[in-house]
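Asks: what's the 3D shape of this:
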Amino acid sequence: MKNISIVLLLLLVCSAARGQETLTDSVHGHALEGAMHLNEIVVTGSMGQTLLKQSPFAMTVIDNKELSSEPSTNIIDAISHQPGMSQVTTGGGISKPVIRGLGYNRVLVVNDGVRQEGQQWGDEHGVEIDGESVNSVEVFKGPASLLYGSDALAGVIVMESSPIMLEGTRRLGGILEYQTNNGLFGYSADYKGNSQGFVWDWRLSGKYSHSYKNKYDGYVYGTGFRDMGLKCMTGYNGRWGYTHLILSHYNLRPCIAEGERDEITGELIGSGAKSYHSILPYQQIHHYKCVLDNMFYLGEGNLKVILSYQQNRREEFEESKDESGLNFRLHTIGYTMRYLSPVVSGWKLSGGINGMYQKSDNLGTEYLIPSYNLFDFGAYGTVSRMLSERVNVTGGLRYDTRHLHSHSLEDDGELRFSTFSRTFSGLTGSVGLTAELAKELNCKFNLSRGFRAPNMSELGSNGEHEGTLRYELGNHDLKNEESFQVDMGLDYSSSLFSVGLSLFGNFIDNYIFLERQSTEDGGEYQIDDTPVYQFMSGDARLLGGEIMVDVHPLRCLHIGTSLSYVDAVQLHQDRQSKYLPFTPAPRWNADVKYDIMHGGKKSLGNVFVKLGLEHYFKQDHCHLVNGTETPTPSYTLLNAQLGGDVNVRGKRLCTLYLSCVNLGDVAYQSHLSRLKYGDVNAVTGRMGIYDMGRNFMFKIVL
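Replies: Predicted coordinates:
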């Protein structure tokens with residue numbers, strides 16, 4: 001409560017300060033409504049800044065306004081409804097990104113200019129980033145190994161911080177939020193400025209939540225969470241370039257929903273579901289990060305140098321809050337050096353190196369993966385050229401090598417983990433073309449080769465994964481995942497409507513997945529009363545795409561719709577094992593937004609109302625071997641939102657949002673929810689835990 005009081009005081013100061021200064025927001029365009037401004041949207045990457053229409057990659061850009069207004073419990077939840085994106089969920093506050101049917105270590109998250117490293121191989125291991133510190137998000141769909149190396153096989157999510165303030169300006173801002181279903185209370189305070197080249201951006205954020213509820217399960221014991229984020233950026237901007245030091249700490253304490261039920265009543269076992277305190281079992285995650293971000297201007301070119309250190313500490317408390325079971329400590333030292341040349345005779349060149357060193361330790365009394373050391377190195381070069389005013393080509397090559405060494409461990413006199421070493425390497429590349437076929441009509445075509453080395457969980461697991469209801473076994477013999485993907489896109493935008501079509505075909509050799517095991521006589525294979533899953537591999541093929549349409553017949557009216565689809569199969573298999581696990585269901589989104597009041601300097605401005613619909617089709621393309629997955633029926637969610645600015649003396653004081661997700665209080669299970677596989681309710685016959693019911697959100701952005 002002390003932290004909350006401090007934030008409330010800061011918000012009051014902010015209200016007074018806002019009456020004395022005018023702020024200029026610098027944001028990217030909306031993913032759909034901004035389609036008509038496709039020529040103006042700028043995206044970043046290892047090839048430097050470029051216009052969205054000139055990028056051969058399929059991309060989505062989510063701006064600050066959309067992030068702020070989206071009801072969510074974490075940053076991945078906030079962007080997971082974008083076309084082509086989904087999330088694997090395990091209770092409250094834990095979400096893992098999925099891009100076009102691929103997730104886990106195949107999706108790389110970049111924050112503060114460095115890859116986020118925090119045990120991201122696990123289902124119940126979320127992304128340790130304070131969502132309020134993210135100003136905008138760029139989602140690269142498809143293999144981005146050329147730019148980022150291993151673990152970018154499915155794509156990259158780049159989370160951008162707020163832009164540097166203009167010289168001589170300062171800003172104090174804040175956010176207050178409340179959600180009714182799980183009693184979530186969130187706050188954030190931010191102070192940033194620029195004085196004679198010295199720049200800073202300091203933020204404190206937090207969330208508190210009890211368990212969520214739905215009409216089938218009531219309050220779901222073990223889905224509450226709390227988090228807190230502290231981030232401090234201090235640096236100097238000069239004519240020669242800039243240097244920024246970023247220090248951050250993110251603490252997340254999610255409870256673990258085990259889904260155990262009373263055999264007679266069918267009700268979930270547990271008490272204290274509405275408590276804001278951590279109830280057993282729960283996780284305790286600390287993520288510390290230090291980034292030294294430097295840019296040096298060399299004539300019309302520039303040299304980017306980033307050094308970073310991250311420490312991720314993850315503990316699971318099951319029987320007692322005094323002693324942890326699983327306890328991982330991961331150290332990561334990262335480095336990036338990139339040179340971007342000036343444009344010479346129409347050519348733009350970029351090249352560099354990046355990589356990391358990792359050391360992971362087991363400090364608990366229980367074990368899942370062995371302690372290990374990792375060294376990763378990659379070098380790349382890219383080139384782009386405007387062949388004409390309408391045609392742009394890009395391409396590049398990259399080489400990566402990664403060495404893993406695990407350490408042996410004995411548990412109660414028995415060998416739990418054996419020592420082994422593996423070295424993985426890969427040559428990747430990409431070539432793409434963008435062309436303006438006619439005024440406002442653009443097409444894209446890209447061929448890319450991706451690479452991913454198996455992680456230590458896939459290679460060496462041997463233990464119970466508490467939050468996923470599984471006992472997991474690794475496989476020392478796994479090979480590189482290597483993909484070949486074809487992307488094609490077509491975009492048209494005008495003052496009345498915009499249309500986007502993006503198609504892909506992805507072929508992956510040695511695709512790694514978890515499969516439930518059985519005994520020799522066909523029974524359920526268990527260790528310590530927990531179902532056993534083992535990592536397997538096979539050749540995979542994924543086909544799909546996204547269609548996006550935005551119609552704006554009036555300045556005040558926007559009608560948007562999108563369809564996302566992916567078909568993911570394992571080649572040369574029978575029906576039981578044909579489809580890949582964790583393939584998201586086809587999804588249709590539609591929304592209608594009406595601007596009641598556009599702009600204006602009266603007491604209210606930019607007032608809008610928005611209705612949204614999400615329809616998830618039946619997903620029966622699932623991995624059926626030994627009950628690894630079960631089909632998921634279709635469901636439809638209706639959402640609503642009302643928002644607008646409050647002005648004082650002609651200047652914006654704050655923005656208010658009132659939202660409702662799942663307005664009809666539909667009971668549903670996402671196909672990618674791990675809680676779907678909890679105990680069967682003996683009374684109703686329903687298996688597992690259902691997702692959150694109707695939820696209202698109230699939010700003030702100062």
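Asks: hey, where'd the helices end up in the stretch 401-550 of the chain?
Replies: If DSSP state H, counting those that start in this stretch is used as the criterion, the helices of the stretch 401-550 of the chain fall at 456-460.
Asks: where in it is pLDDT low?
Replies: Filtered on pLDDT under 70, the stretch 401-550 of the chain yields the residue ranges 466-468.
Asks: repeat that for 90
Replies: Residues of the stretch 401-550 of the chain that meet the criterion pLDDT under 90 lie in 410-414, 438-440, 451, 463-470, 493-497, 514-515, 518-524, 527-531.
Asks: Contacts for the helix or strand hosting residue 577 next, please.
Replies: Assigning secondary structure by DSSP states H and E places residue 577 in helix 575-578. With contact meaning Cβ atoms under 8 Å, 6 or more residues apart in numbering, helix 575-578 is reached by 515, 569-570, 623-625. For glycine as for every other residue, the C-beta is placed from the backbone atoms N, C-alpha and C.
Asks: What residues sit buried inside that helix?
Replies: Across helix 575-578, burial judged by 16 or more other Cβ atoms under 10 Å covers 577-578.
Asks: any idea of the mean pLDDT for the following helix or strand past it?
Replies: Going down the chain from helix 575-578, the next helix or strand is strand 587-597, by DSSP H and E. Taken as a whole, strand 587-597 has a mean pLDDT of 95.
Asks: Tell me the strands beside strand 587-597, with direction?
Replies: Paired neighbours of strand 587-597 in the sheet (DSSP bridges): strand 557-570 (antiparallel), strand 604-616 (antiparallel).
Asks: if we can go back for a sec, what average pLDDT does the helix holding residue 577 get?
Replies: The average pLDDT for helix 575-578 rounds to 90.
Asks: thought residue 638 was touching residue 592?
Replies: No. If you go by Cβ atoms under 8 Å, residue 638 and residue 592 don't touch, sitting 11.8 Å apart.
Asks: Quickly list what's touching both of these two.
Replies: Residues touching both residue 638 and residue 592 by Cβ under 8 Å, 6+ apart: 611-612.
Asks: count of residues packed around residue 476?
Replies: The number of residues packed around residue 476, counting by other Cβ atoms under 10 Å, is 12.
Asks: residue contacts, it?
Replies: When contacts are counted by Cβ under 8 Å, 6+ apart, residue 476 touches 420, 422, 459-460.
Asks: switch to 10 Å and redo it
Replies: For residue 476, the contact set (Cβ atoms under 10 Å, 6 or more residues apart in numbering) comprises 406, 418, 420, 422, 454, 458-460.
Asks: ok and the lengthiest strand in the chain relative to strand 587-597, angle-wise?
Replies: Longest strand in the chain by number of residues (criterion: DSSP state E): strand 530-554. Here the directions of strand 530-554 and strand 587-597 differ by 40 degrees (axes from the mean of the first three to the mean of the last three Cα atoms, to 10 degrees).
Asks: For strand 530-554, name the packing helices and strands.
Replies: strand 58-62, helix 456-460, strand 462-465, strand 470-473, strand 481-493, strand 497-516, strand 557-570, strand 587-597 (3 or more Cβ pairs under 10 Å, 6 or more residues apart in numbering; DSSP states H and E).
Asks: Using PDB, list the CA coordinates for the fourth one.
Replies: Coordinates of each C-alpha in strand 470-473 appear next as PDB, following Å, rounded to 0.1, in the frame of the first residue of the first chain:
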ATOM      1  CA  ARG A 470       3.300 -32.800 -16.900                       C
ATOM      2  CA  TYR A 471       6.400 -34.800 -16.200                       C
ATOM      3  CA  GLU A 472       8.800 -33.900 -19.000                       C
ATOM      4  CA  LEU A 473      11.600 -36.000 -20.500                       C
END
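Asks: lowest average confidence, helix or strand, in this protein?
Replies: The element with the least model confidence among the helices and strands of the chain, by mean pLDDT, DSSP states H and E, is helix 2-18, at a mean of 38.
Asks: Of all the helices and strands packed on strand 530-554, which one is nearest residue 253?
Replies: Residue 253 lies closest, by Cβ to Cβ, to one member of those: strand 462-465, at 18.6 Å.
Asks: Each with direction, which strands does the closest one pair with?
Replies: Applying DSSP bridges to the sheet, strand 462-465 is found paired with strand 470-473 (antiparallel).
Asks: follow-up on the earlier one: could you point out which of the strands paired with strand 587-597 sits nearest residue 72?
Replies: strand 604-616 (13.6 Å).
Asks: buried residues in the closest one?
Replies: 605-608, 610, 612, 614-616.
Asks: Can you show me the strands along the stretch 601-702 of the chain?
Replies: Taking DSSP state E, counting those that start in this stretch, the strands of the stretch 601-702 of the chain run over residues 604-616, 635-648, 651-661, 695-701.
Asks: among those strands, which is nearest residue 680?
Replies: Relative to residue 680, the nearest member of the strands of the stretch 601-702 of the chain by Cβ to Cβ is strand 635-648, separated by 19.8 Å.
Asks: for the record, mean pLDDT for the closest one?
Replies: Mean pLDDT, computed over strand 635-648, is 95.
Asks: For it, output the C-alpha coordinates as PDB.
Replies: What follows is strand 635-648 as a C-alpha-only set of coordinates in PDB (Å, rounded to 0.1, in the frame of the first residue of the first chain):
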ATOM      1  CA  TYR A 635     -17.000 -19.900 -29.200                       C
ATOM      2  CA  THR A 636     -17.700 -16.200 -29.700                       C
ATOM      3  CA  LEU A 637     -16.800 -13.300 -27.500                       C
ATOM      4  CA  LEU A 638     -18.400  -9.900 -27.600                       C
ATOM      5  CA  ASN A 639     -16.400  -6.900 -26.400                       C
ATOM      6  CA  ALA A 640     -17.200  -3.200 -26.000                       C
ATOM      7  CA  GLN A 641     -15.300   0.000 -25.200                       C
ATOM      8  CA  LEU A 642     -16.000   3.700 -24.500                       C
ATOM      9  CA  GLY A 643     -13.200   6.200 -24.300                       C
ATOM     10  CA  GLY A 644     -12.200   9.900 -24.500                       C
ATOM     11  CA  ASP A 645     -10.000  12.700 -23.400                       C
ATOM     12  CA  VAL A 646     -10.700  15.100 -20.500                       C
ATOM     13  CA  ASN A 647      -9.400  18.600 -21.200                       C
ATOM     14  CA  VAL A 648      -8.700  21.500 -18.900                       C
END
